[in-house]
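**Q** sequence and predicted structure, then a few things I'm wondering about:
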Amino acid sequence: MAVKPLIEASGTSVAKQPAPVKSAAAGAELRTDAAGKSIRNVILLSIPDQEFNLLRPHLESVDLPQQYLLHETGEKVEFGYFLNCGMTSLVVQTSGGRSCEVGILGKEGMVSACLALDICQAPYVAIMQIAGDGFRVRAGALESVLPNCPELKKELLRYVFLQGFLVAQIAACNRLHEIHQRLARWLLMCQDRVECDVLFLTHEFLAEMLGTGRPTVTLATGVLQREGLIENVRGTVRILNREKLEHAACECYSVIRNFNDGLGLT
């Protein structure tokens, strides 16, 4: 039986999509941090100039290598991270040492957006799974500017809601759909965020993120590779045919994609 989207379907997929991210402010496409580094983060480009100017002195450019740990579960959050590129995984770990990814984010949002809710304890592990860079802001500095940045706070709260939806949809997907469908959905979500056909991913990593065993992932990648959708070799996955990969994915991807406009990913 087909799985209904977590948000009631109407016509295509979703009855009511979130309002799209506002157009970048005038000149926002040229925004830089105080050191002159270009900004590509969707939230930082969407807020008004006066709010960005209040936040700008507190933005610190950082390189974010693969496997860089941004915070652990239960840890006090010291920084919020606005990614410019790359991808962060949100991971739940059990006391037995097992783990499963429950969300991903890239240049569309902020790691530790819970700070906008005055929540300073991390609910998940946040780790860089695809290397990139971005800007970090100290929790105290963000707290000090938010009262004077209503649009920034609104965008962060909205992003928290959208992340909650994605976590719920992924949880349902992990429980109800076949592994090759889930793998296709996950690869598409990654590509949406990193905007590249080549993803540096090992089977061991994919197994951990999808909450399954490595042999199962090997079988799933084999299915997609035999159908000519991907090429998987030496720790890399190359997407060869995105359109057919979308057809191979479970319906969760089409539901999530309807929210991509709201995240600024399309």
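**A** Sure, I can see it.

**Q** ok, then the element right after the top helix by length along the chain?
**A** The residue-count maximum for a helix in the chain (DSSP state H) belongs to helix 150-176. Reading on from helix 150-176 to the C-terminus, the next helix or strand found by DSSP states H and E is helix 179-194.

**Q** can you give me the buried ones in that next one?
**A** By neighbour count with 16 or more other CB atoms under 10 Å, helix 179-194 contains the buried residues 179-194. C-beta: built from backbone N, CA, C; applies to glycine.

**Q** helix or strand right after that helix?
**A** Using DSSP H and E, the helix or strand that directly follows helix 179-194 along the chain is strand 198-200.

**Q** okay, buried residues for that next one please.
**A** Neighbour-count burial for strand 198-200 flags residue 199 (criterion: 16+ other CB under 10 Å).

**Q** what's the answer for stretch 224-237, then?
**A** Judged by neighbour count using 16+ other CB under 10 Å, the buried positions of stretch 224-237 are 224, 225, 227, 229, 230, 232, 237.

**Q** show only the entries of those found in strands.
**A** If you go by DSSP state E, those have 230, 232, 237 in strands.

**Q** what would those look like in JSON lines with distance to residue 204 and pLDDT?
**A** Output for those, formatted as JSON lines (distance: CB to CB, whole Å; pLDDT from 0 to 100):
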{"residue": "230", "distance to residue 204": "17", "pLDDT": "95"}
{"residue": "232", "distance to residue 204": "13", "pLDDT": "90"}
{"residue": "237", "distance to residue 204": "13", "pLDDT": "93"}
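
**Q** closest one of those to residue 154?
**A** Nearest to residue 154, judged by CB to CB, of these is residue 237 at 36.4 Å.

**Q** please tell me how far residue 154 sits from residue 255.
**A** Separation of residue 154 from residue 255 (CB to CB, to the nearest Å): 24 Å.

**Q** then residue 133?
**A** Relative to residue 255, residue 133 is positioned 30 Å away (CB to CB).

**Q** who's more crowded, residue 154 and residue 255?
**A** The neighbour count for residue 154 versus residue 255, taken as other CB atoms under 10 Å, is higher for residue 255 (24 against 13).

**Q** so where do the strands sit in the protein?
**A** Under DSSP E, the chain gives strands at 60-64, 69-71, 79-93, 99-105, 110-111, 125-138, 198-200, 230-233, 236-239.

**Q** neighbouring contacts of the last one?
**A** If you take CB atoms under 8 Å, 6 or more residues apart in numbering as the criterion, strand 236-239 is touched by 187, 191, 197-201, 221, 229-232, 245.

**Q** show me this structure divided up by domain.
**A** 28-171, 177-263 (automatic domain parsing).

**Q** lowest average pLDDT across those?
**A** For these, mean pLDDT drops lowest on domain 177-263, to a mean of 88.

**Q** and it, how far out from the chain middle?
**A** Centroid separation between domain 177-263 and its chain, computed with CA atoms, centre = their mean, to the nearest Å, is 14 Å.

**Q** list the contacts of residue 151.
**A** Going by CB under 8 Å, 6+ apart, the list of residues near residue 151 reads 22, 46, 47, 48, 51.

**Q** also residue 194?
**A** Counting by CB under 8 Å, 6+ apart, residue 194 touches 85, 86, 87, 106, 130, 132.

**Q** same thing with residue 130?
**A** So residue 130 contacts 66, 86, 87, 190, 194, 199, 200 (CB under 8 Å, 6+ apart).

**Q** how about the nearest residue to the first one, chain neighbours excluded?
**A** Yep, that's residue 66 we're talking about. With CB to CB, 6 or more residues apart in numbering as the criterion, residue 66 has its nearest non-adjacent residue at 4.4 Å, and that residue is residue 131.
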